[in-house]
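**Q** after the sequence you'll find the predicted model.
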2 protein chains.
Amino acid sequence: MPKGFGDFVRKCREELREQDERYSVRQVAQRIGVEPSFLSKVERGDVPPPSEAKIVALARELGQDPDVLLALAGKVSSDLQDAIRRRPEVFASLIRELRRMPDHAVLRLVREVRDGKW
Amino acid sequence: MPKGFGDFVRKCREELREQDERYSVRQVAQRIGVEPSFLSKVERGDVPPPSEAKIVALARELGQDPDVLLALAGKVSSDLQDAIRRRPEVFASLIRELRRMPDHAVLRLVREVRDGKW
DNA sequence: GACTATGTGTACTAAGTAGTACATGATACA
DNA sequence: TGTATCATGTACTACTTAGTACACATAGTC
């Protein structure tokens, strides 16, 4: 783990804390359902990032995109994995094809699909 | 694991074996770099599917699509996961958008991208 | 100056992952 | 009839995951 996860979480939490006392390690830990010492170690990169469920809870708590936080933790949301596993050839070829495309190209694709031309 | 993985591997291997003696548990195990007893247990669902590397080697050996075999094992190829992790928002929205689309729609998309219209 | 909250250090654990090593009994063949 | 090959059963292990439990030192506060 390239240590980005813990730093990011700590930064987010401390920023929120400037406005609201309820964003201490202890209180956030309690709200997402882990021990304070564990969250402390996670933030300092002392232990690897927690499970997907806790990361999603943390993202909620910090007002961050769960997929981004999961990515920082080196993970991919299990519902995305499910989608790929259900149709491996299709999604594998799609992702490999788009891997090297710039963001705006992929996003244009998303919008076209969403606008029902398919 | 819904037990499909082992059965599928065994079926593939035994089919190949009708033509070629070299597809015994022992010899295949040796070629993919595991103990025969381990492959035997894998095929019978006695233990969970092996690591990604072994599954890919097995797919090669059996002439199967690695992504399909990985999917049967409940996994997603790590290079696909990497692609998603590098741009979580983009790929997450893309996959969630396409999740409920029929195969032919997604494949048409793949072809259009490949044909450089983007 | 006792009380409380805060962040952190130490020690431990239960379950899962990914196999190896070796022994056994059956089968084939020469 | 030995020997080589086959599939499989039993036992064990090192590593990782995902945390808990509790003690500790510090800082504010009533």
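**A** That came through, no problem. What you are looking at is a predicted structure, and each value in this text was computed from that prediction instead of being measured.

**Q** is the top helix by length along chain A anywhere near chain B?
**A** When chain A is parsed with DSSP state H, its longest helix is helix A:4-19. No: in terms of Cβ under 8 Å from any Cβ of the partner chain, no part of helix A:4-19 sits within range of chain B; the closest distance is 11.4 Å. All C-beta spots, glycine's among them, are computed from the backbone N, C-alpha and C.

**Q** pLDDT of that helix, averaged?
**A** Helix A:4-19 carries an average pLDDT of 96.

**Q** then it to PDB, C-alphas only?
**A** Taking C-alpha atoms only, helix A:4-19 is exported to PDB below (Å, rounded to 0.1, in the frame of the first residue of the first chain):
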ATOM      1  CA  GLY A   4      -1.800   7.500   0.400                       C
ATOM      2  CA  PHE A   5      -5.000   6.100   2.000                       C
ATOM      3  CA  GLY A   6      -4.200   7.000   5.700                       C
ATOM      4  CA  ASP A   7      -2.900  10.400   4.900                       C
ATOM      5  CA  PHE A   8      -6.000  11.200   2.800                       C
ATOM      6  CA  VAL A   9      -8.400  10.100   5.500                       C
ATOM      7  CA  ARG A  10      -6.600  12.000   8.200                       C
ATOM      8  CA  LYS A  11      -6.500  15.200   6.100                       C
ATOM      9  CA  CYS A  12     -10.200  14.900   5.300                       C
ATOM     10  CA  ARG A  13     -11.100  14.300   8.900                       C
ATOM     11  CA  GLU A  14      -9.000  17.100  10.300                       C
ATOM     12  CA  GLU A  15     -10.500  19.600   7.800                       C
ATOM     13  CA  LEU A  16     -14.000  18.600   8.900                       C
ATOM     14  CA  ARG A  17     -12.900  18.900  12.500                       C
ATOM     15  CA  GLU A  18     -12.000  22.600  12.200                       C
ATOM     16  CA  GLN A  19     -15.800  23.100  11.900                       C
END
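
**Q** which strands and helices lie in contact with it?
**A** If you count contacts as 3 or more Cβ pairs under 8 Å, 6 or more residues apart in numbering or on different chains; DSSP states H and E, helix A:4-19 packs onto helix A:36-43, helix A:52-62, helix A:66-72.

**Q** what angle separates the helix or strand just after it from helix A:4-19?
**A** Using DSSP states H and E, the helix or strand that follows helix A:4-19 in sequence is helix A:25-32. Counting by axes from the mean of the first three to the mean of the last three Cα atoms, to 10 degrees, helix A:25-32 lies at 110 degrees to helix A:4-19.

**Q** now do helix A:25-32, average pLDDT.
**A** Across helix A:25-32, the per-residue pLDDT values average to 98.

**Q** same check on stretch A:64-71?
**A** So the average pLDDT for stretch A:64-71 ends up being 98.

**Q** could you list the residues of chain A in contact with DNA strand C?
**A** With Cβ under 7 Å from any atom of the strand as the criterion, chain A meets DNA strand C at residues A:17, A:21, A:24-27, A:36-37, A:40-41, A:43-44, A:46.

**Q** now those residues as TSV including distance to A:Ala71 and neighbour count?
**A** Listed next are those as TSV, based on distance: Cβ to Cβ, whole Å; neighbours: other Cβ atoms under 10 Å in any protein chain shown:
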residue	distance to A:Ala71	neighbour count
A:Arg17	24	15
A:Glu21	30	8
A:Ser24	26	15
A:Val25	23	18
A:Arg26	27	13
A:Gln27	26	17
A:Pro36	25	14
A:Ser37	26	13
A:Ser40	23	17
A:Lys41	21	15
A:Glu43	17	22
A:Arg44	20	13
A:Asp46	21	11
